[in-house]
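1. dropping the sequence and predicted coords here.
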Amino acid sequence: MKQLLETAKTQLEQNNDLALVTVIASSGATPRGAGAHMLVSKEGRLYGTIGGGAVEHRSIDIAKTVIEEGTARTHDFSLTKEDVQNLGMICGGDVRVFFSVLSASDPNVRALVEAASMRFAGGKNLWLVCDVSENGTLALYDREHGFIGAPMPQALTEMLTRKPQLISVDHRQYYVEQINSAGVVYIFGCGHVAQELVPVLNHVGFRCIAMDDREEFAQKTLFPDADEVLLVDFDRLSDFIQVGEEDYACVMTRGHAYDAVIQAQLLHTPACYIGVIGSARKKAGVYQKLREEYGFTDNDFARITSPIGLSIKAETPAEIAISIAAQMIEHRANRLK
């Protein structure tokens, strides 16, 4: 969503009108569910996808009409078995798609995309709110500033979750979706796996902060996709970072001693995910040290995922990075339920 809105910002600055196409509800074996987005101009699709195939093709045509008429609308695609065959689709089911107008001449729209850019950069929890009942009004919401772009019912703020949802308030229907999370991924150790991991995580929407205690590794040139690269003392992490309940931690340092001291500190934080690279033998040695020197128990170790990553027989740094990213995507998706 970040890149989509950045694309929208650039297009609006060039005075190009756009349509934001959003799947707001689905059932059955649809290619994409609620939260799939696509940005369309008068010339066609600019960014994103709602699943491809004939439904996406028809949605692009509808989006062009929406831009021309300047009026938002909702369209339902109900794909029976015959429809699927006739349309050349693989998946079936029902899809409700909302088409909203992003007019270059609308100051509220300009304010919305500008605010989104700032809040993505600042790592703020951010929700997209669409009035899908009639006029297609769009807004953003964060807890610090309230609604941005257009006024919305205050009652919506009491119903916000991580999961995309349709909410009815005062006989009107609103689509609400969290499009940015305040959480970041803290990566401890800037070796080869970390260098492969950061660009993958960045591409799938995770913000990363990489750190090492070696100056030659804690270099921004090695991590152009990271939000920050820090030179730290692993014994005093709280002097450099504050790990919150929305944050992830990936521990991949160069030795057992460093892993133990970092895990000991992370277990005193509310981090939602703690993953540690290494073999089962390394894990056993570190856990023994954590028991004997720090007093941690098996209940504490249950918070740690080690070895980190899905079991896909990964061997190279790039393959290991893919397995870690896949596990973190799964963890993030499970938190939405």
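-> In hand now; what should we look at? Please read all numbers here as calculations on a predicted model, not as lab measurements.
2. could you pull out the helices for the stretch 51-200 of the chain?
-> With DSSP state H, counting those that start in this stretch, the ranges of helices along the stretch 51-200 of the chain come out as 53-69, 81-87, 107-122, 192-203.
3. for the longest one, buried residues please.
-> Judged by neighbour count using 16 or more other Cβ atoms under 10 Å, the buried positions of helix 53-69 are 53, 55-56, 59-60, 62-64, 66-67. Bear in mind the C-beta positions are built from the backbone N, C-alpha and C, glycine included.
4. start and end of stretch 135-149, how far apart?
-> Stretch 135-149 has an end-to-end distance of 14 Å (criterion: Cα to Cα, to the nearest Å).
5. and the helices of the stretch 51-200 of the chain, which one averages the lowest pLDDT?
-> Note on these: lowest mean pLDDT is at helix 81-87, with a mean of 54.
6. so how far is Asp212 from Ile148?
-> 37 Å (Cβ to Cβ, to the nearest Å).
7. I'd like to know which helix or strand in this structure has the lowest mean pLDDT.
-> Least confident helix or strand of the chain, by mean pLDDT, DSSP states H and E, is helix 81-87 with a mean of 54.
8. pLDDT weak spots in this protein?
-> Where the chain drops to pLDDT under 70, the residues are 29-31, 80-92, 336-337.
9. which residues of the stretch 1-150 of the chain fall in strands?
-> 18-27, 37-41, 44-48, 73-79, 93-102, 126-131, 138-142, 146-148 (DSSP state E, counting those that start in this stretch).
10. outside of the helix ranked longest in the chain, which residues touch it?
-> In the chain, taking DSSP state H as the definition, the longest helix is helix 317-335. Under the contact criterion Cβ atoms under 8 Å, 6 or more residues apart in numbering, helix 317-335 has outside partners 162, 185, 192-193, 195-197, 200-201, 204, 206, 248, 250, 272-273, 275, 277, 305, 308-312, 314.
11. got the contact list for stretch 205-218?
-> Counting by Cβ under 8 Å, 6+ apart, 1-2, 123, 183-191, 194, 197-198, 201-202, 223, 225-234, 240-241, 248, 258, 328, 332 sit against stretch 205-218.
12. how about 7 Å then?
-> Outside stretch 205-218, the residues that touch it by Cβ atoms under 7 Å, 6 or more residues apart in numbering are 2, 123, 184-191, 194, 198, 201-202, 223, 226-234, 328.
13. pull out the buried residues from it.
-> 206-213, 217-218.
14. tell me which of the residues you listed is nearest to Ser103?
-> Taking Cβ to Cβ as the measure, Ser103 sits nearest to Arg207 out of the buried residues of stretch 205-218, at 30.3 Å.
15. how much space between that closest one and Ala321?
-> Separation of Arg207 from Ala321 (Cβ to Cβ): 16 Å.
16. now do Ser133
-> Using Cβ to Cβ, Ser133 is found at 44 Å from Ala321.
17. higher neighbour count, those two?
-> Taking neighbours as other Cβ atoms under 10 Å, Ser133 and Ala321 compare with Ala321 leading, 24 against 15.
18. does Tyr258 touch Val232 like I think?
-> No. Counting by Cβ atoms under 7 Å, no contact exists between Tyr258 and Val232, whose distance comes to 11.1 Å.
19. between those two, who's got more neighbours?
-> With neighbours defined as other Cβ under 10 Å, Tyr258 and Val232 compare such that Tyr258 has more, 19 against 15.
20. let me see the contact set for Met152.
-> Met152 neighbours (Cβ under 7 Å, 6+ apart): 129, 139.
21. could you pull up phi and psi at it?
-> Torsion angles at Met152 (phi, psi; degrees, to the nearest 10) stand at phi -140, psi 160.
22. wait, Ala226 sits on Gln195?
-> No. Contact criterion Cβ under 7 Å: Ala226 and Gln195 do not qualify, at 9.9 Å.
23. of the buried residues of helix 53-69, which is the nearest to Glu13?
-> Proximity of the buried residues of helix 53-69 to Glu13 (Cβ to Cβ) peaks at Ile67, which lies at 16.8 Å.
24. pretty sure that closest one contacts Val21?
-> No. Between Ile67 and Val21 there is no contact, the gap being 10.8 Å when judged by Cβ under 7 Å.
25. tell me which of Ala226 and Gln195 has more neighbours.
-> Between Ala226 and Gln195, Ala226 has the larger neighbour count (other Cβ under 10 Å), namely 24 against 19.
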